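A.B. asks: Give me the fold of what follows.
(chains A and B)
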Protein chains: 2
Amino acid sequence: MKILLIGATGLLGKAVMKELEEKNEIIRAARHNADVEVDITKPDSIKRMFDQIGKVDAVISATGHAHFGPLEEITPELNETTIESKLKGQVNLVLLGMDYVNDGGSFTLTTGVIMDEPIYQGASSAMANGAVKAFAKSAAAEAPRGIRINTVSPTVFQESSEELRAFFPGFEPVPLNKVALTFRKSVEGVQTGQSYEIY
Amino acid sequence: MKILLIGATGLLGKAVMKELEEKNEIIRAARHNADVEVDITKPDSIKRMFDQIGKVDAVISATGHAHFGPLEEITPELNETTIESKLKGQVNLVLLGMDYVNDGGSFTLTTGVIMDEPIYQGASSAMANGAVKAFAKSAAAEAPRGIRINTVSPTVFQESSEELRAFFPGFEPVPLNKVALTFRKSVEGVQTGQSYEIY
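C.D. replies: Down below sits the predicted model:
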């Protein structure tokens, strides 16, 4: 299977790469230091990426920046940075990439636990997660040519920094390889419109 | 109770008005023909509205435009119209309006059934619904001074046009007065972080 992995250089991307690279051809995409460079906040950059790589069997997004900060300090402008990246960046991968996915192929996007279980400073990120989840579920019901669309919603990783894990008190961290396995389920399985929750 | 009702001139807004006007002072906001004019797609217009009316006990959003169209025809640009209005418009009411809500007051925003049960041409609207639901849940957990934040997610109305109801095959339409009653539950009750689903 030919798989486009966006966010390949990140913590999650590397774990997904490790899980899938043995049996598949992976094209690694990231802002820098990858097979193809892409800035998902720019539709033109997404279009250029797809033009460059051509048809694939699966598109995985393991990326998306979100603003974290106390609710009372979130301005529309700070919230916009989340909308541009984690929200629109991922949604636009589907809107602009559909024609580049082979029949029966798939999109797998990334959300996260805080849409279901709020954490301090997480409102902007939760917003993006909820948007991507609902969009994917609805888009999956209309996708042409047997194309499937799922989302993976992990909790905090065991491998996340101590600083980050401190924002998730009482949340049981999951190992990255378990999260990566779920991406395999989405890519190689048959389900669509799912939100795979790894909590 | 002093209540700011945004979208007061619409089908839903009028029903909410009818439910709440007997016991409360309602300030009707809309783009035109209301007590105060507001365009929720413009943060400056939202700020101006709040400056104009001062402190209130409750903010209700019964508004938000969304793009409807087949998935394969949704461009990033068309999707942007949903993001600007139904998504950011409602989120920004909370971000910019928090200081204008009295202690123990509330925000009640509007989402919709299609984030949970997709309909044809609904992916962009579903995205906004999911975003607003998750944002409200997370923001509610951080809101200061006992301020509560809920969302109301109705299915199609009995009073909706026949043309609109045709997009919801097999969905049981609900009467607007039942939906309006739920806004009362949010405004006059004690719950926060809820997504009230009227399906």
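A.B. asks: Confidence-wise, which helix or strand of chain A is lowest on average?
C.D. replies: helix A:162-165 (a mean of 96; mean pLDDT, DSSP states H and E).
A.B. asks: Who are the packing partners of the next helix or strand after that helix?
C.D. replies: On the C-terminal side of helix A:162-165, the closest following helix or strand by DSSP states H and E is helix A:176-188. Under the contact criterion of 3 or more Cβ pairs under 8 Å, 6 or more residues apart in numbering or on different chains; DSSP states H and E, helix A:176-188 touches helix A:11-20, strand A:56-61, strand A:101-110, strand A:148-154, strand A:195-198. (Glycine included, C-beta is placed from N, CA and C.)
A.B. asks: from the chain's centre, how far out does the least confident helix or strand of chain A sit?
C.D. replies: 21 Å (Cα atoms, centre = their mean, to the nearest Å).
A.B. asks: rewinding a little: need the helices and strands packed on helix A:176-188 in a markdown table with mean pLDDT and mean neighbour count, can you?
C.D. replies: Formatted as a markdown table, the helices and strands packed on helix A:176-188 follow (pLDDT from 0 to 100; neighbours: other Cβ atoms under 10 Å in any protein chain shown):
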| stretch | mean pLDDT | mean neighbour count |
| --- | --- | --- |
| helix A:11-20 | 98 | 20 |
| strand A:56-61 | 98 | 24 |
| strand A:101-110 | 98 | 22 |
| strand A:148-154 | 98 | 24 |
| strand A:195-198 | 98 | 18 |
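A.B. asks: CSV please, covering those and showing distance to residue B:32.
C.D. replies: Listed next are the helices and strands packed on helix A:176-188 as CSV, based on distance: least, Cβ to Cβ, whole Å:
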stretch, distance to residue B:32
helix A:11-20, 47
strand A:56-61, 41
strand A:101-110, 38
strand A:148-154, 39
strand A:195-198, 39
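A.B. asks: Make TSV out of the ones you listed and add distance to chain B.
C.D. replies: TSV is the format used below for the helices and strands packed on helix A:176-188 (distance: least, Cβ to the nearest Cβ, whole Å):
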stretch	distance to chain B
helix A:11-20	20
strand A:56-61	15
strand A:101-110	12
strand A:148-154	10
strand A:195-198	10
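A.B. asks: Show me the beta-bridge partners of the closest residue to residue A:194 other than its chain neighbours.
C.D. replies: In space, and not counting its chain neighbours, residue A:194 is closest to residue A:150: 4.6 Å by Cβ to Cβ, 6 or more residues apart in numbering or on different chains. Beta-bridge pairing for residue A:150 (DSSP bridges): residue A:108.
A.B. asks: Now do the contacts for residue A:150.
C.D. replies: Contacts here follow Cβ atoms under 8 Å, 6 or more residues apart in numbering or on different chains; on that basis residue A:150 touches A:106-109, A:136, A:140, A:186, A:191-196.
A.B. asks: any chance of those residues in JSON lines, plus distance to residue B:157?
C.D. replies: JSON lines is the format used below for the contacts of residue A:150 (distance: Cβ to Cβ, whole Å):
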{"residue": "A:106", "distance to residue B:157": "36"}
{"residue": "A:107", "distance to residue B:157": "33"}
{"residue": "A:108", "distance to residue B:157": "35"}
{"residue": "A:109", "distance to residue B:157": "32"}
{"residue": "A:136", "distance to residue B:157": "27"}
{"residue": "A:140", "distance to residue B:157": "26"}
{"residue": "A:186", "distance to residue B:157": "36"}
{"residue": "A:191", "distance to residue B:157": "33"}
{"residue": "A:192", "distance to residue B:157": "30"}
{"residue": "A:193", "distance to residue B:157": "26"}
{"residue": "A:194", "distance to residue B:157": "30"}
{"residue": "A:195", "distance to residue B:157": "27"}
{"residue": "A:196", "distance to residue B:157": "33"}
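A.B. asks: so the longest helix anywhere in chain A versus strand A:101-110, what angle?
C.D. replies: As assigned by DSSP state H, the longest helix anywhere in chain A is helix A:123-140. Angle, helix A:123-140 to strand A:101-110, by axes from the mean of the first three to the mean of the last three Cα atoms, to 10 degrees: 150 degrees.
A.B. asks: How far does helix A:123-140 sit from its chain's centre?
C.D. replies: Taking mean C-alpha positions (Cα atoms, centre = their mean), helix A:123-140 and its chain are 11 Å apart.
A.B. asks: which helices and strands sit right next to that helix?
C.D. replies: Against helix A:123-140 (3+ Cβ pairs under 8 Å, 6+ apart) you get helix A:76-82, helix A:88-97, strand A:101-110, strand A:148-154, strand A:195-198, helix B:123-140.
A.B. asks: Please report how far the spatially most central residue of chain A lies from residue A:34.
C.D. replies: Nearest to the geometric centre of chain A sits residue A:110, at 2.8 Å (Cα atoms, centre = their mean). Taking Cβ to Cβ, to the nearest Å as the measure, residue A:110 falls 17 Å from residue A:34.
A.B. asks: now do the same end-to-end measure for stretch A:154-170.
C.D. replies: 15 Å (Cα to Cα, to the nearest Å).
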